[in-house]
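Undergrad: quick one, fold the following:
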Amino acid sequence: MTTKSQKVQRPSSRPSVRRGPKRKNGPKAVAQKQTSKVQRFGQIAAVVGFILPFLFDIPGLDNVGQRMLSIFLAAIMLWVTEAIPLSATAVLVIMAEVLLVSDQALLPVADAAPASSSFFAALANPVIILFLGGFMLADGAAKYGVDRAIAAVMLKPFLSSPRFMLMGVMLITAVLSMFMSNTATTATMFAVFMPVLAQLPKGKSRTGLALSIPVAANVGGIGTPVGTPPNAIALGALQSAGIHITFVSWMALAIPLMLVVLAIAWTWLAFVYMPSDLKIDLDLTAKFETGRNAVIFYVVGGITIALWMTEPLHGISSNTVGFVPVVLLMVSQVMTGEDLKSLDWPVLWLVAGGIALGIGVGSTGLDAWIIGSIDWASVPVALLLLVLAGVGFLMSNVISHSAAANLLIPLGMGLGATVAATPSEIAVVLALGCSLGMCLPISTPPNAIAYSTGEIGTPKMVQTGLVVGVSGTILLAFIMPIYWSFSGLL
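TA: Take a look at the predicted model:
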């Protein structure tokens with residue numbers, strides 16, 4: 001297996017937005033994807049959920065609160081069933097909030113209604129800029145083959161045994177997914193390791209190696225603010241509440257959990273799937289490109305990551321730093337307008353929709369109304385965190401991690417006023433819990449990519465997902481809060 005310096009043609013990490021086929025007109029145009037029964041149900045349920053609060057007087061909620069409940073119920077049904085694209089639901093939420101609960105609402109509202117600009121501002125929230133910079137670096141790494149070259153270089157020290165090699169694969173995948181999308185990382189790693197899978201005997205060893213990549217990509221994404229959308233959703237919600245967590249602080253919060261969960265996953269996969277006497281022959285050669293554009297990309301990427309890692313020293317917000325690679329790479333023409341178009345804009349809009357939903361839920365009193373129905377103050381903090389992390393884990397197995405985080409984080413943060421846990425602690429627990437859902441092929445794009453190789457059956461994926469997810473949820477509820485409190489991070 002050789003990693004070449006030329007631009008690598010690999011599976012697209014985001015096929016829905018990356019340089020798809022040109023639009024066709026006329027009768028030969030490609031037919032749109034059929035709406036499933038679940039999606040049709042979701043569309044109907046969203047309409048019903050939206051209308052119901054207008055038909056009944058709900059005790060404890062004023063008119064604006066009832067309208068926000070309508071928006072929230074519709075968003076739940078649309079996000080859970082994916083009745084329309086997730087990003088479409090996000091922008092629908094923003095427009096509905098402007099038209100129904102803002103100072104520009106079509107129907108009368110109270111004098112203290114939130115300004116319409118606060119909802120539109122979610123589309124340019126500083127967290128969106130942070131993620132935009134992360135996407136630019138990830139796409140540049142793929143464009144110049146940096147991801148595959150790094151993977152080849154990093155794997156060389158791990159070739160002494162099959163189980164040690166598995167550890168190397170998982171560590172490399174996790175590190176890459178901290179700064180690239182987990183989907184792009186998974187596609188890259190499978191492009192590198194498909195020849196390895198082909199030479200392994202059919203059976204457990206193939207399954208173990210194929211499982212290790214999506215598991216490590218899913219877990220690794222929790223390590224940085226740009227690693228996965230739930231992290232950005234949590235940071236955006238906290239920022240709207242006046243709470244700022246730096247890039248390095250998030251890493252200090254999440255990386256210990258990431259490493260322990262990775263160790264648990266490696267132990268499971270290594271001793272259940274990888275025979276200790278398995279023989280693997282690998283030819284790993286890596287050569288980084290040395291052209292002008294590639295060198296500029298290396299320098300800009302290095303500067304950006306260094307600035308993110310040293311935020312407490314220079315005081316420049318990680319959100320501001322996120323705009324640095326966008327500007328420098330575009331101005332130097334290392335990345336072009338075509339590259340900009342291929343960025344994962346639907347995810348950015350989805351994160352913006354989650355931020356706007358949180359603003360609406362908090363500013364209309366809907367969070368207090370929902371939370372007030374239960375005496376949360378009597379629930380022990382550890383049990384509360386277990387419930388929150390568990391709900392995040394369960395929901396994110398059957399719906400998008402981003403959608404689960406969008407629905408849970410705004411509500412969860414409202415608990416901070418009634419329980420001993422802080423809003424920061426609740427938001428972080430929910431974000432990390434939502435990233436642990438990986439039991440099914442539909443749970444995450446990395447799982448879907450791995451399943452498409454034909455090397456993994458659903459039962460094996462469920463077993464591994466439960467081992468990793470349940471152990472991570474328990475750590476998240478009972479161990480991590482002790483670490484956060486002792487270290488003063490939260």
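Undergrad: for the rest of this, base every contact and every neighbour count on C-alpha atoms.
TA: OK.
Undergrad: quick check: closest non-adjacent residue to G354.
TA: N406 (4.6 Å; CA to CA, 6 or more residues apart in numbering).
Undergrad: N218 is in contact with V175, correct?
TA: No - counting by CA atoms under 8 Å, V175 stays clear of N218, with 11.0 Å between them.
Undergrad: sorry, back to before: return the per-residue confidence for the residue nearest to G354.
TA: Listed pLDDT for N406 reads 88.
Undergrad: which residues touch the helix or strand that contains it?
TA: In the assignment (DSSP states H and E), N406 maps to helix 401-413. Helix 401-413 has contacts (CA atoms under 8 Å, 6 or more residues apart in numbering) with 76, 79-80, 86, 229-230, 233-234, 237, 350-351, 353-355, 357-359, 361-362, 367, 370-371, 388, 392, 395-396, 422-424, 426-427, 430-431, 434-435, 437, 443-444.
Undergrad: run through this protein and note the low-pLDDT ranges.
TA: 1-33, 111, 277-286, 372-374, 416-418 (pLDDT under 70).
Undergrad: for the chain, longest helix please?
TA: With DSSP state H setting the assignment, residue counts place helix 247-273 as the longest helix in the chain.
Undergrad: report all helices and strands that that helix contacts.
TA: helix 162-179, helix 204-220, helix 292-309, helix 311-314, helix 458-474 (3 or more CA pairs under 8 Å, 6 or more residues apart in numbering; DSSP states H and E).
Undergrad: so how far is G208 from the residue lying closest to L366 once chain neighbours are set aside?
TA: Excluding the flanking residues, the one nearest L366 by CA to CA, 6+ apart is G65, at 5.6 Å. G65 sits 50 Å away from G208, going by CA to CA, to the nearest Å.
Undergrad: quick check: the gap between W484 and M413.
TA: Distance from W484 to M413, by CA to CA: 17 Å.
Undergrad: so the two - more neighbours on which side?
TA: The residue with more neighbours, out of W484 and M413, is M413; 25 against 15, by other CA atoms under 10 Å.
Undergrad: returning to that earlier point: let's have the helices and strands packed on helix 247-273 in a markdown table, adding distance to L99 and mean neighbour count.
TA: Shown next, in a markdown table, are those (distance: least, CA to CA, whole Å; neighbours: other CA atoms under 10 Å):
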| stretch | distance to L99 | mean neighbour count |
| --- | --- | --- |
| helix 162-179 | 37 | 24 |
| helix 204-220 | 37 | 27 |
| helix 292-309 | 38 | 17 |
| helix 311-314 | 39 | 12 |
| helix 458-474 | 39 | 19 |
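Undergrad: mind putting these into CSV with distance to V47?
TA: Shown next, in CSV, are those (distance: least, CA to CA, whole Å):
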stretch, distance to V47
helix 162-179, 38
helix 204-220, 34
helix 292-309, 43
helix 311-314, 45
helix 458-474, 34
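Undergrad: for A45, find the nearest of those.
TA: If you check each of these against A45 by CA to CA, helix 458-474 wins as the nearest, at 29.2 Å.
Undergrad: which of the residues in whichever helix or strand comes after the closest one are buried?
TA: Downstream of helix 458-474, the next assigned helix or strand under DSSP H and E is helix 480-487. Of the residues in helix 480-487, 480-481 count as buried by neighbour count, 16 or more other CA atoms under 10 Å.
Undergrad: now stretch 43-55
TA: For stretch 43-55, by 16+ other CA under 10 Å, it's 43-47, 49-51, 53.
Undergrad: name the SS class of the nearest residue to L176 once chain neighbours are set aside, please.
TA: In this structure, L176 finds its nearest non-sequential neighbour in T185, 6.3 Å apart by CA to CA, 6+ apart. Here T185 is recorded as helix under DSSP: H, G, I helix; E, B strand; the rest coil.
Undergrad: distance from the chain centre to the helix holding N406, please.
TA: Mean-position distance between helix 401-413 and its chain equals 12 Å (CA atoms, centre = their mean, to the nearest Å).
Undergrad: same thing with stretch 90-97?
TA: 21 Å.
Undergrad: and if you look at stretch 56-72?
TA: With CA atoms, centre = their mean, you get 30 Å for stretch 56-72.
Undergrad: cool, stretch 253-260 as well?
TA: Centre-to-centre, stretch 253-260 and its host chain are 16 Å apart (CA atoms, centre = their mean).
Undergrad: before we move on, what about stretch 369-382?
TA: Chain-centre distance of stretch 369-382: 28 Å, with CA atoms, centre = their mean.
Undergrad: now do the same end-to-end measure for it.
TA: For stretch 369-382, the end-to-end distance is 23 Å (CA to CA).
Undergrad: what's next to it, contact-wise?
TA: The contact list for stretch 369-382 (CA under 8 Å, 6+ apart) reads 60-61, 411, 414-415, 418-421, 477-478.
Undergrad: try stretch 56-74
TA: Contacts for stretch 56-74 (CA under 8 Å, 6+ apart): 45-54, 93, 96-97, 100-101, 109-110, 357, 360-361, 364-366, 369.
Undergrad: before we move on, back to that, of the contacts of stretch 369-382, buried ones?
TA: Buried among the contacts of stretch 369-382 by 16+ other CA under 10 Å: 61, 411, 414-415, 419, 421, 477.
Undergrad: in a markdown table, list the buried residues of stretch 43-55 along with distance to F323 and secondary structure.
TA: Shown next, in a markdown table, are the buried residues of stretch 43-55 (distance: CA to CA, whole Å; DSSP: H, G, I helix; E, B strand; the rest coil):
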| residue | distance to F323 | secondary structure |
| --- | --- | --- |
| Q43 | 37 | helix |
| I44 | 40 | helix |
| A45 | 40 | helix |
| A46 | 37 | helix |
| V47 | 39 | helix |
| G49 | 39 | helix |
| F50 | 38 | helix |
| I51 | 41 | helix |
| P53 | 41 | helix |
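Undergrad: ok, of these, which one's closest to V248?
TA: The closest of the buried residues of stretch 43-55, once distances to V248 are taken by CA to CA, is A46, at 39.5 Å.
Undergrad: secondary structure class for A113?
TA: Secondary structure for A113, judged by three-state DSSP, is coil.
Undergrad: on that earlier part again, and the residue nearest to L366, how far from I371?
TA: G65 is 14 Å from I371, by CA to CA.
Undergrad: more crowded one of the two?
TA: Shown here are G65 and I371; by other CA under 10 Å, G65 has more neighbours (23 against 16).
Undergrad: ok, the more buried one to M330 distance?
TA: Counting by CA to CA, the gap from G65 to M330 is 44 Å.
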